[in-house]
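In: Model the following, please.
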Amino acid sequence: MAGLLATESAVISIPAMAARALRLELDLTPKPGLVDRANNGSHQDMDHALFLRSIAAITPWFSVFELAGREHAHKEASVQLRLLRPAGIACEQAMFAATGGVNTHKGGVFSLGLLCFAAGRLQGQCQPLHAETLCRQVSEICRGLVARELAARPQAVTAGEKQFLEYGLTGARGEAEQGFATVRRAVLPYWHQEQGERRLQHALLRLMAANPDSNLVSRGGIAGLRYVQDYAATLLAGGWDNDALSEMDRALMARRLSPGGSADLLAVAYVLAQLP
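Out: Sure thing, here's the model as predicted:
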C-alpha cells in the first residue's frame with residue numbers, strides 16, 4: 001500500500017511547489033514590512049526585481065535537494081543534514097551571486113530546501129508524500145540541531161546564537177526540528193477559511209501573531225516582536241482588509257520592522273497546504 005501511495009504522490013513536485021511558493025509570497029500585496037509589488041517594506045537594500053533574480057537563481061537547486069534526498073534515502077536520518085549541507089551552501093552562493101551579496105532568501109533556502117530533500121527521501125523509501133509525513137521527515141533529519149548549533153556553543157557569534165542565549169529563541173533551526181509546528185498549528189487548520197490572495201494574507205497574519213520571528217528581534221528586540229505579534233492578533237480578532245494591511249505596512253516601515261521569518265514560513269505553509 002505504501003508503494004502505491006508513493007506512486008500516486010510521485011506526480012507531486014515539491015521543487016515546483018517551492019518555487020511557486022516563493023513567487024506567490026513575493027507578489028502578495030500589501031504585505032506589512034516586507035518587499036512586495038507596492039514597495040520595499042522595511043528594506044533599503046532590496047526590491048521586487050532583486051527578489052525575482054534571487055528566485056531565479058535558487059529555483060534549480062530545489063530539484064538538486066530532492067535528488068539528494070532520493071540518493072541518500074536509506075542512510076540514517078542523523079547523517080542527512082551533513083549530506084545536504086554542501087548543496088545548501090552552493091545554493092546560497094548562487095543567491096548571493098545573483099543579488100550582489102544581499103541575503104534575500106537564506107531562510108527560504110533552508111526551510112524549502114529541507115522540504116525538497118525530505119520529499120526525495122520519502123520517495124526513495126517508497127513512502128507516501130503527505131504534509132504529515134513530510135514534516136515528520138524534516139523533524140527527524142533535524143533532530144538535535146538546536147542542541148548542536150545553539151545550546152552547545154560556548155560563545156555567541158551569530159545573531160541566532162545571541163538570541164538563543166538571551167531569549168531562548170531557536171529561530172529557523174527550532175522550527176525545522178519541530179517539523180514546522182508553527183505552520184501546522186497556526187496556519188494549516190485555517191487555510192480554507194479564505195480564498196485567493198486573502199488566504200495568503202490571512203496565513204501571514206496568523207504567522208506574525210504566533211511566530212517568535214528572529215528577524216523582528218534582530219531589528220527591534222523583544223519589544224519589536226511583541227509589537228508585530230499584538231498588531232497581527234488585533235487585526236485577526238477585529239477584522240481586516242487591504243487598507244488595514246497597508247496601514248500596518250506603514251507602521252512597520254516606520255519602525256524598520258520586517259517579519260522575514262514569517263514570510264519564509266508562509267512559503268512553507270503554501271507547499272504543505274497543497275499536499276494530502
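
In: Please count neighbours and contacts with C-alpha atoms only from this point.
Out: Fine.

In: low-confidence ranges in the protein?
Out: Scanning the chain for pLDDT under 70 picks out 1-11, 156.

In: which stretches of it form helices?
Out: 2-9, 14-27, 48-71, 80-99, 106-124, 131-141, 145-146, 159-167, 171-177, 181-186, 196-210, 214-238, 242-254, 260-273 (DSSP state H).

In: How much space separates the closest residue to L272 other than its chain neighbours from L275?
Out: Distance criterion CA to CA, 6 or more residues apart in numbering; nearest residue to L272, sequence neighbours excluded, is A131 at 5.2 Å. Distance, A131 to L275, using CA to CA, to the nearest Å: 6 Å.

In: Equivalent analysis for E166, please.
Out: From E166 across to L275, the span is 37 Å (CA to CA).

In: Check P86 too.
Out: For P86, the distance to L275 equals 28 Å [CA to CA].

In: on that earlier part again, comparing E166 and L275, which residue is more hemmed in?
Out: L275 (14 against 10; other CA atoms under 10 Å).

In: That one: what's it in contact with?
Out: Residues in contact with L275 (CA atoms under 8 Å, 6 or more residues apart in numbering) are L129, H130, A131.

In: The last one: neighbour count?
Out: If I follow you right, that is A131. 20.

In: likewise the second one?
Out: Taking other CA under 10 Å as the neighbour definition, H130 ends up with a count of 19.

In: Please give me every residue in contact with it.
Out: Applying CA under 8 Å, 6+ apart, the residues contacting H130 are L275, P276.

In: how close does the closest residue to E194 other than its chain neighbours sit to T29?
Out: Nearest residue to E194 in three dimensions, chain neighbours excluded: H202, at 7.3 Å (CA to CA, 6+ apart). Distance of H202 to T29, computed by CA to CA: 12 Å.
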